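Participant: Sequence unavailable; structure follows:
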(Lines give C-alpha, C1' and ligand atoms only; values in the text may rest on other atoms or scores of the structure.)
Protein backbone atom coordinates (compact mmCIF):
# COMPACT_ATOMS: atom_id res chain seq x y z
CA UNK A 1 0.00 0.00 0.00
CA UNK A 2 1.26 3.47 -0.91
CA UNK A 3 1.76 6.05 1.82
CA UNK A 4 -0.15 8.72 -0.18
CA UNK A 5 -3.19 6.43 -0.37
CA UNK A 6 -2.92 5.71 3.34
CA UNK A 7 -2.79 9.43 4.19
CA UNK A 8 -5.83 10.08 2.02
CA UNK A 9 -7.96 7.26 3.50
CA UNK A 10 -7.16 7.60 7.22
CA UNK A 11 -8.81 10.21 9.45
CA UNK A 12 -6.65 13.12 10.63
CA UNK A 13 -6.77 12.04 14.30
CA UNK A 14 -5.42 8.59 13.39
CA UNK A 15 -2.93 10.16 11.01
CA UNK A 16 -1.48 12.20 13.88
CA UNK A 17 -0.75 8.93 15.68
CA UNK A 18 1.07 7.62 12.59
CA UNK A 19 3.21 10.74 12.35
CA UNK A 20 6.06 8.91 14.02
CA UNK A 21 6.64 6.96 10.81
CA UNK A 22 9.13 8.76 8.60
CA UNK A 23 7.31 8.19 5.28
CA UNK A 24 3.95 9.32 6.71
CA UNK A 25 5.54 12.45 8.13
CA UNK A 26 7.19 13.26 4.78
CA UNK A 27 3.91 12.75 2.90
CA UNK A 28 1.96 14.92 5.36
CA UNK A 29 4.60 17.65 5.14
CA UNK A 30 4.48 17.51 1.34
CA UNK A 31 0.68 17.81 1.38
CA UNK A 32 0.79 20.75 3.82
CA UNK A 33 3.32 22.55 1.64
CA UNK A 34 1.11 22.02 -1.42
CA UNK A 35 -1.92 23.37 0.44
CA UNK A 36 0.07 26.38 1.65
CA UNK A 37 1.29 27.02 -1.92
CA UNK A 38 -2.31 26.83 -3.19
CA UNK A 39 -3.52 29.29 -0.52
CA UNK A 40 -0.67 31.70 -1.31
CA UNK A 41 -1.67 31.47 -4.97
CA UNK A 42 -5.26 32.43 -4.12
CA UNK A 43 -4.06 35.30 -1.93
CA UNK A 44 -1.68 36.59 -4.63
CA UNK A 45 -4.43 36.32 -7.27
CA UNK A 46 -6.78 38.24 -4.96
CA UNK A 47 -4.19 40.95 -4.35
CA UNK A 48 -3.50 41.32 -8.07
CA UNK A 49 -7.21 41.48 -8.89
CA UNK A 50 -7.86 44.13 -6.24
CA UNK A 51 -4.93 46.22 -7.49
CA UNK A 52 -6.08 45.99 -11.12
CA UNK A 53 -9.72 46.68 -10.16
CA UNK A 54 -8.82 49.72 -8.07
CA UNK A 55 -6.61 51.07 -10.87
CA UNK A 56 -9.41 50.64 -13.43
CA UNK A 57 -11.98 52.34 -11.20
CA UNK A 58 -9.57 55.15 -10.38
CA UNK A 59 -8.91 55.71 -14.07
CA UNK A 60 -12.63 55.65 -14.91
CA UNK A 61 -13.45 58.16 -12.15
CA UNK A 62 -10.58 60.48 -13.10
CA UNK A 63 -11.73 61.04 -16.69
CA UNK A 64 -14.14 64.00 -16.79
CA UNK A 65 -17.60 63.52 -18.29
CA UNK A 66 -18.36 65.33 -21.52
CA UNK A 67 -21.60 67.27 -21.18
CA UNK A 68 -23.11 69.11 -24.13
CA UNK A 69 -25.85 71.70 -23.78
CA UNK A 70 -28.52 72.17 -26.44
CA UNK A 71 -30.52 75.39 -26.55
CA UNK A 72 -34.07 75.09 -27.88
CA UNK A 73 -35.64 78.17 -29.49
CA UNK A 74 -39.19 78.73 -30.73
CA UNK A 75 -40.61 81.28 -33.15
CA UNK A 76 -44.38 81.79 -33.28
CA UNK A 77 -44.47 83.09 -36.82
CA UNK A 78 -43.20 85.55 -39.40
CA UNK A 79 -43.30 89.19 -38.34
CA UNK A 80 -43.81 91.67 -41.17
CA UNK A 81 -41.19 94.43 -41.53
CA UNK A 82 -43.60 97.20 -40.46
CA UNK A 83 -44.84 95.33 -37.34
CA UNK A 84 -43.58 95.40 -33.77
CA UNK A 85 -41.43 92.47 -32.56
CA UNK A 86 -44.07 92.03 -29.83
CA UNK A 87 -46.92 91.37 -32.31
CA UNK A 88 -47.50 87.80 -31.18
CA UNK A 89 -47.76 88.91 -27.55
CA UNK A 90 -50.44 91.43 -28.63
CA UNK A 91 -52.25 88.78 -30.65
CA UNK A 92 -52.04 86.39 -27.71
CA UNK A 93 -54.16 88.64 -25.52
CA UNK A 94 -56.85 88.90 -28.21
CA UNK A 95 -55.93 91.99 -30.20
CA UNK A 96 -56.01 91.98 -34.02
CA UNK A 97 -53.05 92.75 -36.28
CA UNK A 98 -52.98 95.49 -38.96
CA UNK A 99 -55.01 93.28 -41.36
CA UNK A 100 -57.56 92.28 -38.65
CA UNK A 101 -55.97 88.83 -38.42
CA UNK A 102 -56.03 86.82 -35.19
CA UNK A 103 -53.39 84.70 -33.53
CA UNK A 104 -54.71 81.49 -35.08
CA UNK A 105 -54.48 83.08 -38.55
CA UNK A 106 -50.83 84.07 -38.09
CA UNK A 107 -49.38 81.25 -36.01
CA UNK A 108 -46.63 79.29 -37.81
CA UNK A 109 -44.24 77.72 -35.30
CA UNK A 110 -40.61 77.12 -36.14
CA UNK A 111 -38.27 75.35 -33.72
CA UNK A 112 -34.48 75.46 -33.66
CA UNK A 113 -32.01 73.42 -31.64
CA UNK A 114 -28.60 75.05 -31.34
CA UNK A 115 -25.33 74.16 -29.68
CA UNK A 116 -24.53 77.79 -28.88
CA UNK A 117 -26.47 80.13 -26.63
CA UNK A 118 -27.82 83.09 -28.58
CA UNK A 119 -29.45 84.71 -25.55
CA UNK A 120 -33.10 84.77 -24.50
CA UNK A 121 -34.20 86.14 -27.91
CA UNK A 122 -32.71 86.61 -31.32
CA UNK A 123 -34.05 87.78 -34.66
CA UNK A 124 -33.49 86.12 -38.01
CA UNK A 125 -34.49 87.52 -41.39
CA UNK A 126 -36.73 85.29 -43.50
CA UNK A 127 -38.80 85.70 -46.65
CA UNK A 128 -41.69 88.09 -45.95
CA UNK A 129 -40.17 89.68 -42.82
CA UNK A 130 -38.29 88.25 -39.85
CA UNK A 131 -38.73 85.73 -37.06
CA UNK A 132 -38.16 86.38 -33.39
CA UNK A 133 -36.87 83.22 -31.69
CA UNK A 134 -37.30 82.83 -27.94
CA UNK A 135 -35.35 80.43 -25.73
CA UNK A 136 -37.78 77.97 -24.15
CA UNK A 137 -35.59 75.09 -22.95
CA UNK A 138 -32.00 73.98 -22.38
CA UNK A 139 -31.04 70.32 -22.38
CA UNK A 140 -27.83 68.78 -21.20
CA UNK A 141 -26.63 65.57 -22.80
CA UNK A 142 -23.84 63.56 -21.25
CA UNK A 143 -22.03 61.32 -23.68
CA UNK A 144 -20.25 58.21 -22.45
CA UNK A 145 -16.51 58.38 -22.77
CA UNK A 146 -14.38 55.66 -24.27
CA UNK A 147 -13.14 54.68 -20.81
CA UNK A 148 -16.56 54.10 -19.16
CA UNK A 149 -16.29 50.35 -19.61
CA UNK A 150 -13.62 50.43 -16.88
CA UNK A 151 -16.38 50.85 -14.28
CA UNK A 152 -17.74 47.38 -14.96
CA UNK A 153 -14.39 45.64 -15.25
CA UNK A 154 -12.97 47.42 -12.20
CA UNK A 155 -15.94 46.36 -10.09
CA UNK A 156 -15.64 42.81 -11.42
CA UNK A 157 -11.95 42.65 -10.48
CA UNK A 158 -12.60 44.04 -6.98
CA UNK A 159 -15.31 41.47 -6.29
CA UNK A 160 -13.14 38.72 -7.79
CA UNK A 161 -10.23 39.73 -5.55
CA UNK A 162 -12.42 39.62 -2.45
CA UNK A 163 -13.71 36.22 -3.56
CA UNK A 164 -10.12 34.97 -3.82
CA UNK A 165 -9.47 36.05 -0.23
CA UNK A 166 -12.65 34.30 0.87
CA UNK A 167 -11.69 31.08 -0.94
CA UNK A 168 -8.20 31.13 0.55
CA UNK A 169 -9.62 31.53 4.04
CA UNK A 170 -12.40 28.94 3.70
CA UNK A 171 -10.20 26.22 2.17
CA UNK A 172 -7.61 26.44 4.91
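Facilitator: Here it is on my side, so go on. Source: prediction; values computed, not measured.

Participant: From the chain's centroid, how far away is the helix or strand encompassing residue 88?
Facilitator: Using DSSP states H and E, residue 88 falls within helix 87-92. The chain centre lies 46 Å from the centre of helix 87-92; the measure is CA atoms, centre = their mean, to the nearest Å.

Participant: now stretch 145-159
Facilitator: Distance, centroid of stretch 145-159 to centroid of chain: 9 Å (CA atoms, centre = their mean).

Participant: One more: stretch 37-47?
Facilitator: With CA atoms, centre = their mean, you get 31 Å for stretch 37-47.

Participant: List the buried residues in that stretch.
Facilitator: 42, 43, 45, 46 (16 or more other CB atoms under 10 Å). Every C-beta, even on glycine, is put in place using the N, C-alpha and C of the backbone.

Participant: Kindly report the same for stretch 77-97.
Facilitator: Across stretch 77-97, burial judged by 16+ other CB under 10 Å covers 77, 78, 79, 83, 87, 88, 91, 97.

Participant: so who does the residue most central in space within the chain touch?
Facilitator: In the chain, the centroid-proximal residue (CA atoms, centre = their mean) is residue 148; its distance is 5.7 Å. Applying CB atoms under 8 Å, 6 or more residues apart in numbering, one finds that residue 148 lies in contact with residue 60.
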